[in-house]
Each structure stands twice: as C-alpha cells, then as structure tokens.
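> Sequence and predicted structure are below.
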Amino acid sequence: MIRKKKNNIKLNYKEVKKYIESFNDELLSKEYKNAHTKLEIKCKNKKHIYWVTWNNYHQGNRCRKCSYENTSIKRKLTLEYIKSETSKLAEGYICRVKKYKNVETKLPFTCNKGHEFWMTFHSFKSSNQRCPICWKESIKGKGHPNWKGGVKKLNIPLYDTYAHQINWIEKVKRDPKNKDYLQVKCTNSNCRKWFMPNLSNVKNRIKVLNNKAKYGENRFYCSEECKQSCSIYGQKKYPKKFKGNSQQRPDQKEWANLVKKRDNNICQICGKEGKIAHHFEGLNVNPIMSADTDMGITLCKECDKRAHSNIGCRSIDLRKENSCNA
C-alpha cells in the first residue's frame with residue numbers, strides 16, 4: 001500500500017512510480033515535485049501518452065483516450081437494436097441501414113405508407129420525428145390548422161387578408177353567410193350592389209392601388225353588363241359620350257383658310273412660307289370676335305412655336321379655367 005501523507009510528509013519518486021506501475025502504466029517523468037504538478041504517463045494497453053497530477057491519478061483519473069474508446073464501444077448501438085427499436089417505436093416503419101457509424105449519421109427509413117426518407121436514429125427515437133412526406137401531406141387541406149375551406153382553389157378572397165388593403169378606397173364588408181369572406185360594392189353608379197369578387201380580381205385591384213399594374217384600373221363589377229354600361233369603364237380622361245372643353249371651333253378650318261389666303265400664305269414675321277393661322281387672343285377670351293379674320297395672322301412653324309412660348313400665349317394660359325373671361 002502507498003503511504004499517505006500525514007503530518008505534511010512528502011511522497012518520493014519511487015513510491016509514486018511503484019503505485020503507477022501497479023495499474024500497468026509507465027511513468028515517463030523523471031522527477032516528482034508535488035501532488036499538484038502534472039506527470040507524464042504512458043498507458044501500456046494503447047500506448048497513449050497523457051499528463052495528469054498525482055492527486056487526480058490517485059483519485060482514479062486515467063487515460064482519457066482509453067476511457068472514451070471503452071465508453072463509446074459500450075454505448076455504440078448495434079444494427080439489430082436499431083431495427084428492432086424502429087419497429088417498436090413506430091408500427092410499420094422499417095430501418096434499411098446496412099452499416100452504422102454514429103448518432104449523427106442519417107439512416108434510411110421506410111414508413112408504413114412506403115415513403116423512403118433519411119433521418120438520424122436520435123431524431124427518430126428521442127425527438128419522435130417521423131416521415132416528413134407524411135407530415136407534409138397531413139398539413140395540407142383540412143389537416144392545416146388555418147384551413148378556411150379551400151379558398152384558393154375556389155378563388156374566394158378572405159376579409160382578414162385583403163380588406164385592410166383596399167378599404168381606404170373601396171366599400172368593403174364581411175359576407176353575411178360566411179364572416180371569413182370579403183364583399184365589395186359594384187363600381188357602376190347605377191348598381192352599387194354588394195357582391196363577392198374573385199380572388200384574382202382583388203389581387204389585380206391591389207396591384208393597381210400600389211402602382212404595380214401596367215395598365216387598367218381593375219375596378220369591381222358584379223356582372224359583365226354593369227361593366228360595359230359603366231360610364232368610367234375603359235375611359236382614360238373623360239366619361240363615355242363626353243367631349244372635353246375643346247379649343248377648336250366648328251368654323252376653325254374655314255377661318256384659317258381665309259387668313260392664309262389674305263396673307264398669301266406668307267409668314268408675317270419672317271417672310272417664309274406660312275402654314276399656320278394664329279389667333280391674337282385665345283378662343284375663350286372673346287369667342288365671338290375670334291371668328292373675325294382681323295383677329296388672326298399667318299405664321300410659319302418656327303414663329304408660331306416662338307409665339308406660344310410667351311407668357312399669355314402658352315398652352316396652359318389658353319385653357320378655359322385659366323382665362324379671365326371663363
């Protein structure tokens with residue numbers, strides 16, 4: 001037996017070496033200082049070299065590599081165990097593994113429906129994970145917790161999804177028969193009927209409101225008849241059968257021909273060939289006097305363009321709403 005330290009008696013090198021050799025290990029260190037200084041030791045079984053203090057060695061701490069190898073061998077699962085546990089944990093499941101490495105290696109499985117998938121045995125046993133293909137199928141349709149009756153296939157818009165995106169410009173409400181569905185008002189002013197639009201119509205309307213549509217306004221109409229009879233459908237600037245404030249008079253061509261004939265088709269500013277009859281005042285300033293040939297002059301294109309660039313003769317100045325007599 002090794003002599004224990006009593007009354008601060010220090011162990012010598014021979015006693016330490018004798019104790020280590022009793023466990024079939026070899027002491028490589030040539031000197032022993034104290035119980036807290038690491039010693040170089042070689043295990044004879046695997047010939048691993050490791051460092052450890054006398055206190056730790058005396059308490060039973062040995063070669064870590066040997067300890068890890070022995071533990072892994074004892075804990076390593078066998079193919080028979082994996083296959084039997086698979087059938088016990090999930091009825092109808094088969095593990096098709098032929099070679100097992102460790103818990104981090106994925107193994108091939110076959111579920112009770114014939115789906116093949118890969119998964120670690122730890123995930124299968126400890127985490128209770130099963131066939132991912134079956135899981136994806138289970139959450140489709142009625143199996144999904146947020147299932148609303150297949151609204152995408154039925155092309156039905158949901159109120160909670162789309163109402164807040166269009167309620168700032170469209171009249172919206174919940175469908176009385178199904179509170180999850182969306183209803184809007186028909187755009188036709190002669191109809192204004194509540195109805196449920198298609199999902200595609202709602203999405204196209206949102207694109208227009210977000211300036212992501214290339215053309216059209218994609219307004220809501222309850223029927224094709226309401227769409228075609230609506231006064232603003234397909235109109236860019238004015239309603240149907242409506243003519244804007246035109247700057248042209250019915251006798252404009254006749255007046256222009258008289259002015260150019262009087263001036264012999266010559267520009268009265270530069271002397272070049274004149275093709276444009278130019279009014280001194282806009283048509284909205286004095287509509288009656290604008291028909292008088294004395295209110296016009298013949299100009300070429302360059303002079304006419306220069307004249308319309310002056311303040312008072314610009315296109316914006318000649319509009320009816322900007323005219324003093326309008």
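Cool, the structure landed. Since we're looking at a predicted model, the values are computed, not measured.
> Now the phi/psi pair for D25, please.
The phi and psi torsions at D25 (degrees, to the nearest 10) take the values phi -110, psi 160.
> Would you check how far apart it and K10 are?
As judged by Cβ to Cβ, to the nearest Å, D25 and K10 stand 22 Å apart. (Each C-beta comes from the backbone N, C-alpha and C, glycine too.)
> Looking at the two, which has the bigger crowd around it?
Between D25 and K10, counted using other Cβ atoms under 10 Å, the more crowded position is D25 (21 against 10).
> got any ranges where this protein has weak pLDDT?
Where the chain drops to pLDDT under 70, the residues are 1-9, 46, 71-75, 143, 145, 236-250, 284, 287, 312, 315-326.
> domains in it, as residue ranges please.
Taking automatic domain parsing as the domain assignment, the record places the domains of the chain at 13-70, 76-138, 151-229, 252-322.
> mind checking the end-to-end distance for the first one?
The reference is to domain 13-70. Distance between the two ends of domain 13-70: 30 Å, counting by Cα to Cα, to the nearest Å.
> How far does that domain sit from its chain's centre?
In terms of Cα atoms, centre = their mean, to the nearest Å, the gap separating the centre of domain 13-70 from the centre of its chain is 61 Å.
> The third one now?
Remark: domain 151-229 is offset 23 Å from the chain centroid, using Cα atoms, centre = their mean.
> Format the domains of the chain as CSV; extra columns: distance to Q235.
As requested, those are exported to CSV (distance: least, Cβ to Cβ, whole Å):
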stretch, distance to Q235
domain 13-70, 83
domain 76-138, 49
domain 151-229, 10
domain 252-322, 21
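> right, so of those domains, which gets closest to H144?
For the domains of the chain, distance to H144 was read as Cβ to Cβ. The smallest value, 8.9 Å, belongs to domain 76-138.
> Straight-line length of the closest one, end to end?
Using Cα to Cα, the span of domain 76-138 from its first residue to its last is 35 Å.
> Would you pull up how far that domain lies from the middle of the chain?
With Cα atoms, centre = their mean as the basis, the distance from the averaged C-alpha position of domain 76-138 to the chain average is 34 Å.
> repeat for stretch 277-291
Here the centre of stretch 277-291 is set off from its chain's centre by 59 Å, with Cα atoms, centre = their mean.
> ok, now stretch 289-301?
Here the centre of mass of C-alpha atoms in stretch 289-301, compared against the chain's by Cα atoms, centre = their mean, lies 62 Å away.
> I figured Y181 was touching L158, is that so?
Yes: using Cβ atoms under 8 Å, Y181 makes contact with L158 at a distance of 6.8 Å.
> which residues do those two both contact?
Both Y181 and L158 are contacted by V151, under the criterion Cβ atoms under 8 Å, 6 or more residues apart in numbering.
> so how many other residues sit close to A277?
The burial count assigned to A277 is 22, neighbours taken as other Cβ under 10 Å.
> quick check, it in a strand?
Yes: remark: A277 belongs to a strand, assigned using DSSP: H, G, I helix; E, B strand; the rest coil.
> Could you check how far the residue lying closest to it once chain neighbours are set aside is from H278?
Nearest-residue entry for A277: A256, 3.6 Å, with adjacent residues in sequence omitted and distances by Cβ to Cβ, 6 or more residues apart in numbering. In this structure, A256 lies at 9 Å from H278, with Cβ to Cβ as the measure.
> show me the residues around Y93 that make contact.
Applying Cβ under 8 Å, 6+ apart to Y93 gives the contacts T86, S87, F109, T110, C111, N112, R130, C131.
> Quick one: residues contacting the second one.
In this case it means S87. The contact partners of S87, by Cβ under 8 Å, 6+ apart, come to Y93, I94.
> cool, the fifth one as well?
With contacts taken as Cβ under 8 Å, 6+ apart, C111 has the following neighbours: A90, G92, Y93, F117, R130, C131, I133, C134.
> That one - nearest residue in space that isn't next to it in sequence?
With sequence-adjacent residues excluded and distances taken as Cβ to Cβ, 6+ apart, C111 is closest to C131, at 3.8 Å.
> what about that neighbour, neighbour count?
Here the count is done by other Cβ under 10 Å, and C131 has 21 residues near it.
> quick one: it from G114, how far?
Taking Cβ to Cβ as the measure, C131 and G114 are separated by 10 Å.
> what phi and what psi does the backbone show at the residue nearest to C111?
Geometry field for C131 lists phi and psi as phi -60, psi 120, criterion degrees, to the nearest 10.
> rewinding a little: what about the contacts of Y93, which are in helices?
T86, S87 (DSSP state H).
> Make TSV out of the contacts of Y93 and add distance to E170.
Written out in TSV, the entries for those read as follows (distance: Cβ to Cβ, whole Å):
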residue	distance to E170
T86	57
S87	59
F109	52
T110	53
C111	49
N112	51
R130	46
C131	46
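> tell me the contacts of K171?
Listed by Cβ under 8 Å, 6+ apart, the contact set of K171 reads V184, K185.
> how close does it get to C186?
Note on K171: its distance to C186, by Cβ to Cβ, is 10 Å.
> Could you do A291 as well?
Using Cβ to Cβ, we find A291 at a distance of 47 Å from C186.
> Okay then, goodbye and thanks.
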